[in-house]
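Undergrad: Curious how this folds, go ahead:
(2 chains)
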2 protein chains.
Amino acid sequence: MYLNEIVCESCGFLCGPDNPVTSCPDCGSPLKLQYDFARMNQEASRNELSGCGVKRYRELLPLDDSPVSLGEGDTPVVRSSSLGSDIPGELYFKLEFVNPTGSFKDRGTVVTVSKACEWGMNAVVDDSSGNAGASLAAYSAKADLDCTIYVPARASGEKIVQIKSYGAELEEVPGPRERATEKLKENTSGADTYYASHNLSPYFPEGMKTVAYEIGEEFGWSPPNHLVVPVGGGALLIGLYRGFKELARLGWINRAPKLHGIQTKSCNPVVTAFENSWDQTRPTETRPTIAEGAHISNPERGEEILEGIRNTGGQALEVTESEVKRSLRELAQKEGLFVEPTSAVPLAGLKRLNDSGAFEPGERVLVPITGSGLKDAETWRAS
Amino acid sequence: MYLNEIVCESCGFLCGPDNPVTSCPDCGSPLKLQYDFARMNQEASRNELSGCGVKRYRELLPLDDSPVSLGEGDTPVVRSSSLGSDIPGELYFKLEFVNPTGSFKDRGTVVTVSKACEWGMNAVVDDSSGNAGASLAAYSAKADLDCTIYVPARASGEKIVQIKSYGAELEEVPGPRERATEKLKENTSGADTYYASHNLSPYFPEGMKTVAYEIGEEFGWSPPNHLVVPVGGGALLIGLYRGFKELARLGWINRAPKLHGIQTKSCNPVVTAFENSWDQTRPTETRPTIAEGAHISNPERGEEILEGIRNTGGQALEVTESEVKRSLRELAQKEGLFVEPTSAVPLAGLKRLNDSGAFEPGERVLVPITGSGLKDAETWRAS
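TA: Below is the predicted model:
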């Protein structure tokens, strides 16, 4: 393991790698992991990778022990059948919903839960009525950790059924979404419980870097020119940004893809900040959206999301609810991909990017497909 | 491709490999594919496999062209955490629900739909309210084939939502399950429509052989000693039987695992035939069962299912509804595997096998987990 220390870029807080921190204990900001890059660069080799899925990249991850695994990663890349015919290059989908709990979140969870086990924790908690909650509940069951998930009262649907199935405690909190987070913080104490927040823990986005590693390797270390990604909390975009940056620094790839971040007009803090050339996102008024997974009014890591888009030459774009619905149907009916609404957001964005001439002939464009349609059969039933 | 001809073992019917047959046109029995094994044995090498998933074994499959793929196969194998502690050896799960449509059926469908495309078909039909229907609808969408699925009227649940999402036509047929099959046959004609029956088409079980190939390779060509499998129509058990038999004949493995077939007491034609030493299954009285995918009163390929169990030294066992429910909860809460009830049938059977001393110290036991719990959230919600 090359993990050196944990730092807060806001206030300068710094601690060693064995501290079970979630956010900065001094100022509450998100933390970042720092690696001994010189040693990593000397020792790690892309020709010596072995094993399957996320475990294949274990050496680059902040893990001491073999991770608590449900076989996550190794997700398929498929070439588009008909939806790509409008763009000048080639369109690919990476099926991140083909993961053990049905979403891309398993990559972040495997690292977070494995750390909780390394630290000897007995319990984990998170606030999520969605894919992150289901994923944490599953890996906790596998690791024999107690798990409590705080959700807004009256949350329903397949994801709640899934969370309960794993034996996790479900704490239903009346009031707006933020109340669930507050209640979690009020109720959680004790050195044996880790707040395994998918939005805050510095370990979660580290696991997400494995999407970039896999894409690199699957494309023969010559990754696609463009990645088009839905943005809510930003774990996927940040994971891709950090992962490709690391691969480039290691010399395993020559250039990182352009990362385009797509949101809906109903909830667009990143797009607003991007268009206004702000360095940081600001709290945004939101409306209800079919793309629940991208409904975050001010992401914790807004600054890094914006950095990832700008530094790679990507764009931040917003799309309408009806564009998302159309893309959702098209993915199922033309590509055989039954996905949840949030997963259709980037395809809607891709069309706008294409209309604006973002893609050159011969370029390769990849869209990660984040969550299974089975996660939100209710929305499909109603549509 | 090594496919030579298509034969009916019941009446001796024989035709060439380019005929889009489903069952025997003379007697209605299931058909079998015959390969040029001598040439396969000479040319195919386990050291020259390349590519991912089902496509990795393309050379052994009856395909002329590159298959219509959604990235199926390459499913994870995970070692049991706590459920295996009772058995003298090691327990593994192969997560077949980590496939593009959420079930093992994708392996059979990829071959069936690819053949329909090779033959220049415009449409496919099947009778299934379950995983096979959802899988066929998905691959048809990818391949731009029209797809019609016949289901009993009032069929509901996530699988129906999924089938419709892909744009397939859903024909709801009042009356018992068999009426859907009859209605399909009444309505289906024309040389451009293939009856892509997952129970009858000779191509479907050929795709299922890839589970055996993958298990062989994942275990370093020394497969586990026991496989414990749920049995409904038998596609999985037959695919495993044929696949391991072929690997042994090719000299890629030294011995095939014992195949144990598990059913519920509510629907047990294979167990009844096994216990009575019959060569063929007979129609059985059934009761409703939580394990819908194993609710087939007389499987089309009953004879081969029995042959597969007996020739490998396996057993056929029945389990109770409450044993299935307990195993369902245990898979989720102890192993982090949220699965549909049919997928919990083999774990219940494994306990009975273990109680009867079927496993020796040091032996490895593998249970394929066939379908996602998200496919049947309604049952979970009710339980």
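
Undergrad: ok, now which ones touch the residue of the stretch 151-300 of chain A found nearest chain B?
TA: For the stretch 151-300 of chain A, the residue closest to chain B is residue A:167, as judged by CB to the nearest CB, at 3.7 Å. Any C-beta I mention is one placed from the backbone N, CA and C, and that applies to glycine too. Residue A:167 makes contact with A:137, A:141, A:147, B:329, B:332-333, according to CB atoms under 8 Å, 6 or more residues apart in numbering or on different chains.

Undergrad: Tell me how chain A divides into domains.
TA: According to automatic domain parsing, chain A is divided into the following domains: A:3-60, A:77-103+A:202-382, A:106-195.

Undergrad: Present these as JSON lines; the columns should include mean pLDDT and distance to residue B:310.
TA: Below are those laid out as JSON lines (pLDDT from 0 to 100; distance: least, CB to CB, whole Å):
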{"stretch": "domain A:3-60", "mean pLDDT": "95", "distance to residue B:310": "34"}
{"stretch": "domain A:77-103+A:202-382", "mean pLDDT": "96", "distance to residue B:310": "34"}
{"stretch": "domain A:106-195", "mean pLDDT": "93", "distance to residue B:310": "36"}
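
Undergrad: quick one, which of those is nearest to residue B:311?
TA: domain A:3-60 (31.3 Å; CB to CB).

Undergrad: Now the terminal residues of the closest one, how far apart.
TA: 9 Å (CA to CA, to the nearest Å).

Undergrad: Show me how far it is from its chain's centre.
TA: Its chain's C-alpha centre lies 17 Å from the corresponding centre of domain A:3-60 when counted by CA atoms, centre = their mean, to the nearest Å.

Undergrad: And for stretch A:307-318?
TA: Counting by CA atoms, centre = their mean, stretch A:307-318 comes out at 16 Å from the chain centroid.

Undergrad: Could I get the buried residue list for that stretch?
TA: Buried residues in stretch A:307-318, counted by 16 or more other CB atoms under 10 Å in any protein chain shown: A:308-309, A:312, A:314-318.

Undergrad: pretty sure residue A:173 is touching residue A:153, no?
TA: Yes. Counting by CB atoms under 8 Å, residue A:173 does reach residue A:153; the two are 6.1 Å apart.

Undergrad: three-state assignment of residue A:5?
TA: strand (DSSP: H, G, I helix; E, B strand; the rest coil).

Undergrad: ignore the last one, residue A:261
TA: Three-state assignment for residue A:261 (three-state DSSP): strand.

Undergrad: Now it: closest residue in space that isn't a chain neighbour?
TA: residue A:231 (4.2 Å; CB to CB, 6 or more residues apart in numbering or on different chains).

Undergrad: so the one you found touches residue A:263, yeah?
TA: Yes. Using CB under 8 Å, residue A:231 is in contact with residue A:263, at 5.4 Å.

Undergrad: what's the overlap in contacts for these two?
TA: What both residue A:231 and residue A:263 touch, as defined by CB under 8 Å, 6+ apart, is the set A:270, A:294, A:316.

Undergrad: Which of the buried residues of stretch A:307-318 sits closest to residue B:52?
TA: Once CB to CB is applied, the member of the buried residues of stretch A:307-318 that ends up nearest residue B:52 is residue A:312, at 27.0 Å.

Undergrad: check contacts around the closest one.
TA: A:241, A:244, A:256-259.

Undergrad: now residue A:35
TA: Here residue A:35 is in contact with A:2-4, A:62 (CB under 8 Å, 6+ apart).

Undergrad: Residue A:72 versus that one, what's the distance?
TA: Residue A:35 is 22 Å from residue A:72, where distance means CB to CB, to the nearest Å.

Undergrad: likewise residue A:247?
TA: Residue A:247 is 20 Å from residue A:72, by CB to CB.

Undergrad: Residue A:379 now?
TA: 25 Å.

Undergrad: Name the nearest residue to residue A:272, sequence neighbours excluded.
TA: residue A:284 (6.1 Å).

Undergrad: tell me the secondary structure for that neighbour?
TA: Per three-state DSSP, residue A:284 ends up coil.

Undergrad: For chain A, which segments are assigned as helices?
TA: A:37-43, A:106-118, A:131-143, A:158-165, A:177-187, A:204-218, A:235-249, A:269-275, A:302-311, A:321-335, A:341-355, A:377-382 (DSSP state H).

Undergrad: who wins for proximity to residue B:29 among those?
TA: Counting by CB to CB, residue B:29 lies closest to helix A:321-335 out of those; the figure is 35.8 Å.

Undergrad: where's that closest one relative to the chain centroid, distance-wise?
TA: 21 Å.
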